[in-house]
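[1] Sequence and predicted structure, then a few things I'm wondering about:
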Amino acid sequence: MKKKSLYTYLSVTALVLVFLGVFLLLSNDSDVQSKEEELTDSDTKNPDLIVNGIHIRTGLVEGEGLTEVITNCTTCHSSKLIIQNRMGTEQWNATIRWMQETQGLWDLGENQEIIVDYLTTNYPTFKKGRRAALTNIEWYPLESD
């Protein structure tokens, strides 16, 4: 008899947990939908919309020179390419020269300095690699079964 009541208790507990999980998923999903609705209202039709310092259409950081970067850089490629490339002033200028010589990029004139300043300010180079070297590790041999 005790075994049967234990199974009943576990079954009821499992059902409660399943219903609770479904409820949490549905309520969390409605939060996501309401946030998406906020971003799909008439405001998001504005190509210059900036939320929390991020230009929504491109994902670029708000800052001086953003308009020049959008106008001159995202005409040919995705802003994701800009975001993932972190270079210093010399490297950006060299990349711009390369794009002008081989990819048909037009002369940026005075905008080049504005664009490079924006890029080096908002997407600076990293000082170190992707992670520090592992140190003080106590290694152990793996045993096969």
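    Looks like it came in fine. Numbers count the residues shown, from 1 in each chain.
[2] Next up, identify which helix or strand the residue nearest the centre of the chain is on.
    In the chain, the C-alpha closest to the average C-alpha coordinate belongs to G59, at a distance of 7.8 Å (C-alpha atoms, centre = their mean). Element membership for G59 (DSSP states H and E) is empty, with no helix or strand holding it.
[3] Apart from its chain neighbours, what residue comes closest to it?
    In space, not counting the residues next to it along the chain, G59 is nearest to S79; the distance is 5.6 Å by C-beta to C-beta, 6 or more residues apart in numbering. Placement of C-beta: from N, CA and C, glycine included.
[4] mind listing the helices in the chain by residue range?
    2-40, 66-73, 79-84, 89-102, 111-122 (DSSP state H).
[5] So for I137, which of these sits nearest?
    Smallest distance to I137 across the helices of the chain (C-beta to C-beta): 30.6 Å, for helix 79-84.
[6] Show me what that closest one is packed against.
    Based on contacts counted as 3 or more C-beta pairs under 8 Å, 6 or more residues apart in numbering; DSSP states H and E, the elements that helix 79-84 packs against are helix 66-73.
[7] Now do the same for the residue nearest to the centre of the chain: its pLDDT.
    Per-residue confidence for G59 comes out at a pLDDT of 93.
[8] shaky segments in the protein?
    Across the chain, the stretches falling below the confidence threshold (pLDDT under 70) are 1-4, 18-22, 27-44, 127-130.
[9] for the nearest residue to W92 once chain neighbours are set aside, what are its contacts?
    Closest residue to W92 apart from its sequence neighbours, by C-beta to C-beta, 6+ apart: V116 at 4.7 Å. When contacts are counted by C-beta atoms under 8 Å, 6 or more residues apart in numbering, V116 touches T89, W92, N93, I96.
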